[in-house]
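1. Generate a structure from the sequence data that follows.
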Amino acid sequence: MPSDAPPRDPRKALLEALGVEFQRPELLDEALTHRSFCNENSKIAPRHNERLEFLGDAVIGVAVASLLIEHFPEATEGELTRRRADLVCERGLAGLAEELGLGAALRLGKGEIRSGGRTKPRLLASALEAVVGAVSVDAGAPRAFDLARRLFEPRLHLGVPGETDYKSRLQELAQAERSATPRYHVESAEGPDHDRVFEVAVSLGGDVVGRGRGGSKLRAEQEAAKAALEVWRRADVSEGES
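-> Here you go, the predicted structure:
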């Protein structure tokens with residue numbers, strides 16, 4: 001039986017999920033505004049969320065580091081680094097943003113909406129960082145710090161540390177078995193500024209061992225490292241069978 005209830009306001013639902021209120025609602029507007037929306041609506045959206053994203057990234061990094069120190073008192077620096085990378089990587093941030101319903105509240109340009117921007121991990125991750133940054137500007141760094149801790153604490157024990165941090169895994173393996181450090185370089189970058197796709201190659205000792213593509217340099221680097229690890233695994237299997 002169809003419901004007569006009006007559709008829920010995604011912005012209000014997001015605020016309820018976050019458990020915050022804004023004294024300056026325009027800061028939340030800015031945090032939810034993608035560059036593509038600004039390009040099409042410059043009069044009503046003079047700013048996009050990239051500056052707030054920069055701030056939120058820093059707040060989240062410190063908050064997650066403090067949580068890890070408290071919850072894993074026996075962990076080594078390497079384990080703490082891998083756990084932090086899994087939590088604050090694009091995939092980790094986007095997963096949390098999806099749980100909060102953030103995608104529905106994003107302000108996107110028409111083209112970005114048509115291309116599925118509300119579910120793109122890169123846009124979701126960036127907007128989540130921007131929202132935390134907006135809370136910092138609106139209510140102060142301690143409130144933003146507390147928000148980040150509250151959001152990430154339930155996720156501390158999800159998965160295996162380093163499970164998705166392919167760069168760290170490749171670096172540890174390369175240094176242990178070849179005494180070499182992986183080097184990453186961008187081979188190409190395509191698309192407009194707000195929707196770039198990067199192709200990155202990773203090399204060991206001057207030889208390309210993997211390539212990857214992604215909507216950010218970091219994502220492409222992770223994919224390249226993942227490809228290199230897969231090649232390494234297949235080589236180990238072949239050697240074991242010979």
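2. So what touches the lowest-mean-pLDDT helix or strand in the chain?
-> In the chain, no helix or strand scores lower on mean pLDDT, DSSP states H and E than helix 217-241, which sits at a mean of 77. For helix 217-241, contacts defined as Cβ atoms under 8 Å, 6 or more residues apart in numbering pick out 89-90, 122, 164-167, 169-170, 173, 182, 184, 186, 198-202, 204, 209-214. (C-beta placed from N, C-alpha, C; glycine too.)
3. If we go by neighbour counts, what in it is buried?
-> By neighbour count on 16 or more other Cβ atoms under 10 Å, the buried set for helix 217-241 is 218-229, 232.
4. can you redo those as JSON lines with distance to residue 111?
-> Formatted as JSON lines, the buried residues of helix 217-241 follow (distance: Cβ to Cβ, whole Å):
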{"residue": "218", "distance to residue 111": "24"}
{"residue": "219", "distance to residue 111": "21"}
{"residue": "220", "distance to residue 111": "22"}
{"residue": "221", "distance to residue 111": "27"}
{"residue": "222", "distance to residue 111": "26"}
{"residue": "223", "distance to residue 111": "24"}
{"residue": "224", "distance to residue 111": "28"}
{"residue": "225", "distance to residue 111": "31"}
{"residue": "226", "distance to residue 111": "29"}
{"residue": "227", "distance to residue 111": "30"}
{"residue": "228", "distance to residue 111": "34"}
{"residue": "229", "distance to residue 111": "35"}
{"residue": "232", "distance to residue 111": "39"}
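5. Which one of these is nearest to residue 132?
-> Ranked by distance to residue 132 (Cβ to Cβ), these are led by residue 218 at 18.3 Å.
6. For residue 12, see how far away the closest one is.
-> 32 Å (Cβ to Cβ, to the nearest Å).
7. One more: residue 224?
-> Taken as Cβ to Cβ, the span from residue 224 to residue 12 is 41 Å.
8. ok, back up a step: tell me how far the least confident helix or strand of the chain is from the chain's mean position?
-> On the basis of Cα atoms, centre = their mean, to the nearest Å, helix 217-241 sits 22 Å off its chain's mean C-alpha point.
9. ditto for stretch 148-161
-> The chain centroid and the centroid of stretch 148-161 are separated by 14 Å under Cα atoms, centre = their mean.
10. related to what we said a few turns ago, buried members of the contacts of helix 217-241 into ChimeraX, please.
-> Only the buried entries of those go into this ChimeraX selection, using 16+ other Cβ under 10 Å:
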select :89,90,122,164,165,166,167,169,170,173,182,184,198,199,200,201,202,204,209,210,212,214
